[in-house]
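1. My questions concern the predicted model and sequence given below.
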Amino acid sequence: MIRVVSLFSGCGGMDLGFIWAGYEIVWANDIDHDACETYQLNIGDHIIEDDIKNINFKHLPECDLILGGFPCQDFSMIWKREGLKTDRGNLYQYFVKAVEAKNPLVFLAENVKGLLTANGGKAIKRIIEDFKYCGKFGYNIYADIYNFADYGTPQLRERVLIIGIRQDISYQYIKPKPTHTPENYVTAGQALKEVEKVSHNNEHMNIKSKTRTMLTLIPEGGNFQSIPKTSPYYVKGMISHVYRRLNRNKPSTTIIAAGGGGTWGYHFSEPRPLTNRERARLFGYPDDFIFVGSIASVRRQIGNSVPPVGIKVIAEELKKAFN
């Protein structure tokens with residue numbers, strides 16, 4: 001069994017994908033209480049709730065692979081990016097310290113695609129450099145953008161994966177070929193089929209009648225820009241996520257973790273926000289995966305996570321490194 005240490009684990013989306021591919025998660029960590037409760041309920045009680053700054057990495061169990069999605073807000077294209085200038089932007093250094101302490105054969109770090117252009121491109125260069133020369137052996141680094149819809153996720157979710165292969169092994173990582181193309185992507189309509197029958201995390205939000213009326217003016221697949229400028233409900237100067245309704249014949253656009261002002265993601269046929277179970281379906285979580293916390297907390301957990309159904313394909317490819 002390939003032993004895995006998980007950092008910045010969140011509710012466990014990436015861990016779940018690796019478990020499905022046959023890996024064993026031996027230790028995990030996150031600072032968010034609700035996310036840890038969710039993880040413990042669904043995956044296991046090996047998760048430690050603590051600030052990663054307090055972890056002594058030399059005391060971690062021996063492992064073959066380290067994975068994690070270090071916090072991304074300071075690299076995100078949605079928010080004003082400060083990148084490596086911030087404490088949150090520098091949390092990746094704890095990932096580097098863990099790799100340095102344990103020298104795993106492989107590591108996998110996930111982040112938003114805005115990481116590639118943060119700080120004028122200097123952030124990704126610095127991060128790759130730090131990973132490349134850490135530990136006893138150093139690592140060959142493979143950094144690329146992955147659209148998880150290409151790997152069976154019903155969501156157009158582009159993320160950077162930084163994969164490190166220890167330099168003393170001969171395996172050369174090759175990015176897996178897509179299992180899906182735009183012609184046969186898993187659609188939102190397919191993903192949400194009979195979702196109303198699921199009881200857990202399927203609460204409907206109360207929204208203002210004004211918002212409901214706005215949504216009736218937006219067609220399936222449209223957003224706030226679909227509202228006529230002559231309408232009293234017209235709004236301007238917003239990002240494309242705002243009042244975005246799903247198109248049942250396409251994958252969802254990116255589901256985000258937080259934010260008000262119409263950023264919840266909206267149903268294709270009903271004038272309402274998505275439920276958290278619907279969001280979970282758009283990541284590929286199984287219906288028996290139960291999230292712990294308030295509606296806002298669960299939304300954040302899901303939106304910050306890695307689609308397990310998509311990352312499983314990358315996990316399967318990486319198993320070749322251990323042969």
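-> Perfect, thanks for sending it. All of these numbers come straight from a predicted model, not from anything done at the bench. Numbers count the residues shown, from 1 in each chain.

2. Now do the helices in the protein.
-> 13-20, 33-42, 92-102, 122-132, 188-191, 209-216, 276-281, 295-303, 308-318 (DSSP state H).

3. out of those, nearest to P61?
-> helix 92-102 (8.7 Å; C-beta to C-beta). (Each C-beta comes from the backbone N, C-alpha and C, glycine too.)

4. quick one on the thing from earlier: got the helices of the chain as TSV, with distance to Y142, mean pLDDT and mean neighbour count columns?
-> Below are those laid out as TSV (distance: least, C-beta to C-beta, whole Å; pLDDT from 0 to 100; neighbours: other C-beta atoms under 10 Å):
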stretch	distance to Y142	mean pLDDT	mean neighbour count
helix 13-20	17	98	24
helix 33-42	27	98	20
helix 92-102	15	93	20
helix 122-132	10	88	18
helix 188-191	29	98	20
helix 209-216	42	93	14
helix 276-281	29	98	25
helix 295-303	26	96	22
helix 308-318	10	98	23
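
5. any idea how far Y23 is from F322?
-> 10 Å (C-beta to C-beta, to the nearest Å).

6. higher neighbour count, the two?
-> For F322 versus Y23, the count of surrounding residues by other C-beta atoms under 10 Å is larger for Y23: 23 against 13.

7. what sits against the more buried one?
-> Applying C-beta atoms under 8 Å, 6 or more residues apart in numbering to Y23 gives the contacts M1, I2, R3, V4, L65, A315.

8. Narrow those to those that are buried.
-> For the contacts of Y23, a burial check counting by 16 or more other C-beta atoms under 10 Å picks out I2, V4, L65, A315.

9. Looking at those residues, which is nearest V186?
-> A315 (18.4 Å).

10. if I read this right, V313 contacts A149, doesn't it?
-> No - between V313 and A149 there is no contact under C-beta atoms under 8 Å: 11.7 Å.

11. what's the overlap in contacts for those two?
-> Shared contacts of V313 and A149, counting by C-beta under 8 Å, 6+ apart, come down to nothing at all.

12. which sections of the stretch 151-300 of the chain are below the confidence cut-off?
-> Filtered on pLDDT under 70, the stretch 151-300 of the chain yields the residue ranges 237.

13. T253 and K193: what is the separation?
-> The value you get for T253 to K193, if C-beta to C-beta is used, is 19 Å.

14. and the two? which has more neighbours close in?
-> T253 (20 against 12).

15. where do the strands sit along the stretch 101-250 of the chain?
-> Using DSSP state E, counting those that start in this stretch, the strands of the stretch 101-250 of the chain run over residues 106-112, 139-147, 158-166.

16. Point out the most buried one among these.
-> Highest mean neighbour count of the strands of the stretch 101-250 of the chain: strand 106-112, a mean of 25 (counted as mean count of other C-beta atoms under 10 Å).

17. follow-up on the earlier one: show me whatever sits in contact with both of F322 and Y23.
-> Counting by C-beta under 8 Å, 6+ apart, the residues touching both F322 and Y23 are I2.

18. quick one: contacts for K177?
-> No contacts exist for K177 under C-beta under 8 Å, 6+ apart.

19. okay, now G22: neighbour count?
-> Neighbours of G22 using other C-beta under 10 Å come to 12.

20. Surely it touches K319?
-> Yes - if you go by C-beta under 8 Å, G22 and K319 touch, sitting 7.1 Å apart.

21. hey, what's in contact with both of these two?
-> I2.

22. Nearest residue to I311 in space, please, no chain neighbours.
-> Nearest residue to I311 in three dimensions, chain neighbours excluded: G17, at 3.6 Å (C-beta to C-beta, 6 or more residues apart in numbering).

23. how close does that neighbour sit to V242?
-> According to C-beta to C-beta, G17 stands 30 Å off from V242.

24. again, but for D130
-> When distance is defined by C-beta to C-beta, D130 is 36 Å away from V242.

25. and if you look at F268?
-> 16 Å.

26. so which of the buried ones among the contacts of Y23 comes closest to G293?
-> V4 (24.9 Å).

27. most distant residue from the middle of this protein?
-> T230 (38.2 Å; C-alpha atoms, centre = their mean).

28. ok, H33 touching E49?
-> Yes - at 6.2 Å, H33 and E49 qualify as touching, with contact defined as C-beta under 8 Å.

29. I am assuming G135 contacts R166, so please confirm or correct that.
-> Yes - taking contacts as C-beta under 8 Å, G135 lies within contact range of R166: 7.5 Å.
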